[in-house]
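[1] can you look at this prediction? I've put the sequence above it.
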Amino acid sequence: MATTYSKRRSELEIYFDRTAVSAWERITSDAPVSKIRATVRAGRDEMRSTLLSYLPTDLNGCRILDAGCGTGALAVEAAKRGADVVAIDLSPTLVAVAAERLPANLKDKIRFESGDMLNPDLGTFDHVVAMDSLIHYRLPDMVAMISKLAARSKSGVHFTYAPKTPAFMLLWAAGKIFPRGDRSPAIEPASTDALHAAVKAEPTLKDWTIGRDHRVTTSFYKSHAQELRRA
């Protein structure tokens, strides 16, 4: 995993911290956007609500890792429920935007960092949430990342993956017609059956069970939420 993960992580850092930072800053705000980006915004809003629904309503006393926090919307919602949140992202620029947007009454509840979500120095957590941050990695690397995140979670790992469906694959293929400089790093679709089989076959996840899931589909946003629970 080390070589492919490091290479992909470097590509993502360049993309989200330089190429796409202004676009993501706008999509994750209330600013007017194009119809295409509006569907992405709507899909992400639904997905965020889905992942938050997998967490306890009362998070007082809970420590949450927001792995791939972007501009911090999920971290803020978790903190509003009482959680102490460590929110980390590869992009220092997006983390700076998240810190600027942080409500004053939550400044003691969220610690924003830029860096590697797999860094063991972040400590242990009650729950780990990874919204659309594993979707750029091939299935073996994704499962290895899930395993590392699970090792630091007491109760749950809640993540998303790109569903390998005919409709998604058409959109994925169509994206390749755009000039290379305008493309994001490749999303790596995975079938539900293949993901579940890989999780069940991973020895380090033997104490975990596959829980709730939900697929979010808008015109230009398709992502699948998956819950893992400690048995």
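    Right, received. Where do you want to start? Numbers count the residues shown, from 1 in each chain.

[2] residues touching the most centrally placed residue in the chain, list them.
    Within the chain, the residue whose C-alpha comes closest to the C-alpha centroid is M131; the distance, by Cα atoms, centre = their mean, is 2.2 Å. M131 makes contacts with 44, 47-48, 51, 66, 68, 74, 159-160, as judged by Cβ atoms under 8 Å, 6 or more residues apart in numbering. C-betas here are computed from N, CA, C, even on glycine.

[3] just the CA trace of the helix ranked longest in the chain, in PDB.
    Scanning the chain for the helix with the most residues, using DSSP state H, yields helix 35-53. Provided in PDB are the C-alpha atoms of helix 35-53 (Å, rounded to 0.1, in the frame of the first residue of the first chain):
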ATOM      1  CA  LYS A  35     -26.500  23.900 -12.300                       C
ATOM      2  CA  ILE A  36     -23.900  21.100 -12.400                       C
ATOM      3  CA  ARG A  37     -22.200  22.200  -9.300                       C
ATOM      4  CA  ALA A  38     -25.600  22.800  -7.600                       C
ATOM      5  CA  THR A  39     -26.300  19.000  -8.000                       C
ATOM      6  CA  VAL A  40     -22.900  18.200  -6.500                       C
ATOM      7  CA  ARG A  41     -23.700  20.600  -3.600                       C
ATOM      8  CA  ALA A  42     -27.100  19.000  -3.100                       C
ATOM      9  CA  GLY A  43     -25.600  15.500  -3.200                       C
ATOM     10  CA  ARG A  44     -22.900  16.300  -0.700                       C
ATOM     11  CA  ASP A  45     -25.400  17.900   1.700                       C
ATOM     12  CA  GLU A  46     -27.500  14.700   1.600                       C
ATOM     13  CA  MET A  47     -24.400  12.600   2.100                       C
ATOM     14  CA  ARG A  48     -23.300  14.700   5.000                       C
ATOM     15  CA  SER A  49     -26.700  14.300   6.700                       C
ATOM     16  CA  THR A  50     -26.600  10.500   6.100                       C
ATOM     17  CA  LEU A  51     -23.200  10.100   7.700                       C
ATOM     18  CA  LEU A  52     -24.200  12.300  10.600                       C
ATOM     19  CA  SER A  53     -27.300  10.100  11.100                       C
END
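
[4] give the other helices and strands that it contacts.
    Using 3 or more Cβ pairs under 8 Å, 6 or more residues apart in numbering; DSSP states H and E as the contact criterion, the neighbours of helix 35-53 among helices and strands are helix 21-27, helix 73-80, strand 153-161, strand 208-218, strand 221-230.

[5] would you reformat those as JSON lines and include mean pLDDT and distance to A186?
    As requested, those are exported to JSON lines (pLDDT from 0 to 100; distance: least, Cβ to Cβ, whole Å):
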{"stretch": "helix 21-27", "mean pLDDT": "89", "distance to A186": "17"}
{"stretch": "helix 73-80", "mean pLDDT": "98", "distance to A186": "24"}
{"stretch": "strand 153-161", "mean pLDDT": "98", "distance to A186": "14"}
{"stretch": "strand 208-218", "mean pLDDT": "97", "distance to A186": "20"}
{"stretch": "strand 221-230", "mean pLDDT": "96", "distance to A186": "15"}
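
[6] in a markdown table, list the ones you listed along with mean neighbour count.
    As requested, these are exported to a markdown table (neighbours: other Cβ atoms under 10 Å):
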| stretch | mean neighbour count |
| --- | --- |
| helix 21-27 | 16 |
| helix 73-80 | 22 |
| strand 153-161 | 22 |
| strand 208-218 | 16 |
| strand 221-230 | 21 |
